[in-house]
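1. Could you look at this predicted model? Sequence included:
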Amino acid sequence: MTAPQPILTARGIVKRYGRVTALDRADFDLYPGEILAVIGDNGAGKSSLIKAISGAITPDEGEIRLEGKPVRFTSPIEARDAGIETVYQTLALSPALSITDNMFVGREIRKPGVLGTWFRILDRKAMEDFARDKLSELGLMTIQNINQAVETLSGGQRQGVAVARAAAFGSKVIILDEPTAALGVNESRRVLELICDVRARGIPIVLISHNMPHVFEVADRIHIHRLGRRLCVIDPGEHTMSDAVALMTGAKEPPASAQAA
Ligand SMILES: Nc1ncnc2c1ncn2[C@@H]1O[C@H](COP(=O)(O)OP(=O)(O)OP(=O)(O)O)[C@@H](O)[C@H]1O
């Protein structure tokens, strides 16, 4: 049997901010259908790695491949168009807009024919139906009214809308930056379930998180980042949270069983 090919890879990524080297020949691999957690101490370079992959920064050196083909994104829109959706901690939702409008910002559906092409009239019904379908596919229909303003939703529901939007449009990869950081226990639980639902639909997820119990609960593999590069990748079934923290902080060296960096 041939080994599965990674859907997204990065090799030798370097990113410098003046005299600070945020990424120092960093590598990364994401396989189809997995949840890959990326963990590391503060300043290890996790956000920079994710920004490089999602087009928010352009690396100084190195190569990124999506489905085996080299890509060079110069903006998040280019990465999004290629099928890489990122949900940042700040969510980038517009509070005053409805759930439907938030799902479609920048990619609205226009009425067919002249109305849509010339007068750019929105097809609200098509957008509402699509939003309702996507939210219910992911079990998010506790949100009753898809025309409700996002500012009236709880933190967990907002995260749900952001993840549903990413799942609806992120055909290839979804990157989640600290999706449970601002949430309570029950809301975090729901978001973790949602992440597993998205994986079950075949979309691989990159999960950046400082929350070790959450990482160990859902991740298939854990990428440990230290001093600007991938130190190792561990199997959460074979290591404890204390092992992961010791590796992150440099208190311990990678075990032979960990995938080589
Ligand atoms: N725009 C920037 N300008 C200057 N230095 C930066 C910039 N962005 C990141 N850095 C530096 O690059 C290094 C890596 O930062 P990065 O945010 O990628 O780490 P991180 O692992 O995501 O940290 P945290 O967990 O604290 O968010 C840090 O030393 C940081 O100060």
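-> Structure's in. What do you need? What you see is a predicted model, and the numbers here were worked out from it, not measured in a lab.

2. Report the buried residues of whichever strand or helix holds residue 195.
-> Assessed by DSSP states H and E, residue 195 sits inside helix 185-200. Buried residues in helix 185-200, counted by 16 or more other Cβ atoms under 10 Å: 187, 188, 190, 191, 192, 194, 195, 197, 198, 199. For the C-beta atoms, the positions are set from N, CA and C on the backbone; glycine is no exception.

3. now do stretch 163-183
-> Buried residues in stretch 163-183 (16+ other Cβ under 10 Å): 163-170, 172-180, 183.

4. Looking at the residues you listed, which are in helices?
-> Members of these lying in helices (criterion: DSSP state H): 163, 164, 165, 166, 167, 168, 169.

5. quick one: the second one and residue 103 touch, right?
-> Okay, so that is residue 164. Yes - in this structure, residue 164 is within contact of residue 103 by Cβ atoms under 8 Å, at 7.2 Å.

6. overlap in contacts of the two?
-> residue 134 (Cβ atoms under 8 Å, 6 or more residues apart in numbering).

7. follow-up on the earlier one: columns distance to the ligand and pLDDT on top of the ones in helices among the buried residues of stretch 163-183, output as CSV?
-> Listed next are these as CSV, based on distance: Cβ to the nearest ligand atom, whole Å; pLDDT from 0 to 100:
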residue, distance to the ligand, pLDDT
163, 20, 81
164, 25, 81
165, 23, 81
166, 19, 81
167, 24, 79
168, 27, 79
169, 25, 76
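
8. Contacts only, for residue 56.
-> Contacts of residue 56 by Cβ under 8 Å, 6+ apart are 50, 76, 86.

9. Am I right that it falls within a helix?
-> No - under the criterion used here (DSSP: H, G, I helix; E, B strand; the rest coil), residue 56 is coil, not part of a helix.

10. so how far is the ligand from residue 245?
-> 14 Å (Cβ to the nearest ligand atom, to the nearest Å).

11. Moving C-terminal from the helix holding residue 195, which element do we reach first?
-> strand 205-208.

12. ok now that following strand, how far from the chain's centre?
-> 5 Å (Cα atoms, centre = their mean, to the nearest Å).
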